[in-house]
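# Got a sequence here, can you model it:
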Amino acid sequence: SDFDFYPPEQAEVFATEDREVTETGQPILNREERIVLRDGSGAWLLTSKVPLRDASGRTIGLAGCGLDITDRKRAEEAHARLATAVEQSAEAVMITDVNATILYVNPAFEKTTGYTREEAIGQTPRILKSGQHDAEFYCRMWATLTGGDVWSGHLINKRKNGTLYEEDSSISPVRDAAGEIVNYVAVKRDVTDERKREAQMLRT
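As a prediction, this is how the structure comes out:
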């Protein structure tokens with residue numbers, strides 16, 4: 001029985017579920033549940049239980065299936081933690097596709113640039129161009145990125161309100177399982193105030 005494989009508390013949960021299915025005739029289908037194993041470790045199952053009936057329709061038992069989805073749930077939890085960290089990062093984060101169309105920006109990007117997420121998504125980073133860098137500068141940047149390497153450098157960009165700001169930026173290619181570049185992710189730190197302080201110190 002379940003009591004041979006699971007701790008008593010977990011086994012009782014399963015036994016209760018079994019009784020409900022056999023007594024009501026209502027199946028349990030594709031329910032995610034966290035279980036405790038006999039060694040005390042946890043796991044996740046995708047559980048289905050259906051009543052078994054004889055030729056007359058009388059319930060004589062049940063069939064159960066538990067698919068181990070522990071790895072999937074751990075991946076989902078890791079993704080959620082990463083998403084929370086990126087959303088709360090003090091540095092601006094921007095993700096584009098291979099054509100430089102913006103797919104995601106975090107709140108720090110909105111604060112730095114003045115563009116809301118809704119305004120930025122679907123645009124390209126050209127909305128930030130200040131005219132302070134020549135075409136050769138951007139050609140070298142894209143040659144590095146399309147070649148699969150990380151580009152790091154200093155940028156002078158323009159906010160939505162037209163004011164200029166300076167940032168240290170690192171842009172990385174993101175590859176799929178086949179090794180093909182599918183996205184670019186940029187992490188940017190606003191250094192405008194730092195540069196102003198440095199300039200003031202040089203003048204004094």
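# how far away is the residue of the chain most remote from its centre from Thr22?
Distance from the C-alpha centroid of the chain, by C-alpha atoms, centre = their mean, peaks at Ser56 (51.2 Å). Look at Ser56 and Thr22: by C-beta to C-beta, to the nearest Å, they are 15 Å apart. Glycine gets a C-beta too; all of them are placed from N, C-alpha and C.
# Show me what Leu52 bridges to in the sheet.
With DSSP bridges as the criterion, Leu52 is bridged to Gly61.
# Any regions of this protein where pLDDT drops low?
Scanning the chain for pLDDT under 70 picks out 204.
# can you map out the strands along it?
Per DSSP state E, the chain carries strands over the ranges 28-36, 42-53, 59-68, 92-97, 102-105, 151-158, 164-175, 181-190.
# got JSON lines for those strands, with mean neighbour count and distance to Glu198 too?
Below are these laid out as JSON lines (neighbours: other C-beta atoms under 10 Å; distance: least, C-beta to C-beta, whole Å):
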{"stretch": "strand 28-36", "mean neighbour count": "13", "distance to Glu198": "53"}
{"stretch": "strand 42-53", "mean neighbour count": "16", "distance to Glu198": "52"}
{"stretch": "strand 59-68", "mean neighbour count": "13", "distance to Glu198": "56"}
{"stretch": "strand 92-97", "mean neighbour count": "19", "distance to Glu198": "21"}
{"stretch": "strand 102-105", "mean neighbour count": "19", "distance to Glu198": "28"}
{"stretch": "strand 151-158", "mean neighbour count": "16", "distance to Glu198": "12"}
{"stretch": "strand 164-175", "mean neighbour count": "17", "distance to Glu198": "11"}
{"stretch": "strand 181-190", "mean neighbour count": "18", "distance to Glu198": "14"}
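# among these, which is nearest Val13?
Nearest to Val13 among the strands of the chain is strand 28-36; the distance by C-beta to C-beta comes to 8.2 Å.
# The closest residue to Asp2 other than its chain neighbours and Asp18, how far apart?
Excluding the flanking residues, the one nearest Asp2 by C-beta to C-beta, 6 or more residues apart in numbering is Ala11, at 3.9 Å. Ala11 is 10 Å from Asp18, where distance means C-beta to C-beta.
# Arg195 now?
Relative to Asp18, and taking C-beta to C-beta, Arg195 is found at 68 Å.
# what about those two, which has more around it?
Asp18 (18 against 15; other C-beta atoms under 10 Å).
# Next, the contact list for that one, please.
Asp18 sits next to 49, 62, 64 when contact means C-beta atoms under 8 Å, 6 or more residues apart in numbering.
# what about 7 Å?
49, 62 (C-beta atoms under 7 Å, 6 or more residues apart in numbering).
# can you check Pro125 too?
By C-beta under 7 Å, 6+ apart, Pro125 lies in contact with Ala100.
# so what's Gln10 closest to, chain neighbours aside?
Val36 (4.8 Å).
# What separation is there between the one you found and Phe5?
11 Å.
# what's the answer for Ala43, then?
12 Å.
# and what of Arg72?
In this view, Arg72 and Phe5 are 22 Å apart by C-beta to C-beta.
# now do Gly57
31 Å.
# hang on, the earlier thing: and for Ala43 and Phe5, which residues touch both?
Common neighbours of Ala43 and Phe5 (C-beta under 7 Å, 6+ apart) do not exist.
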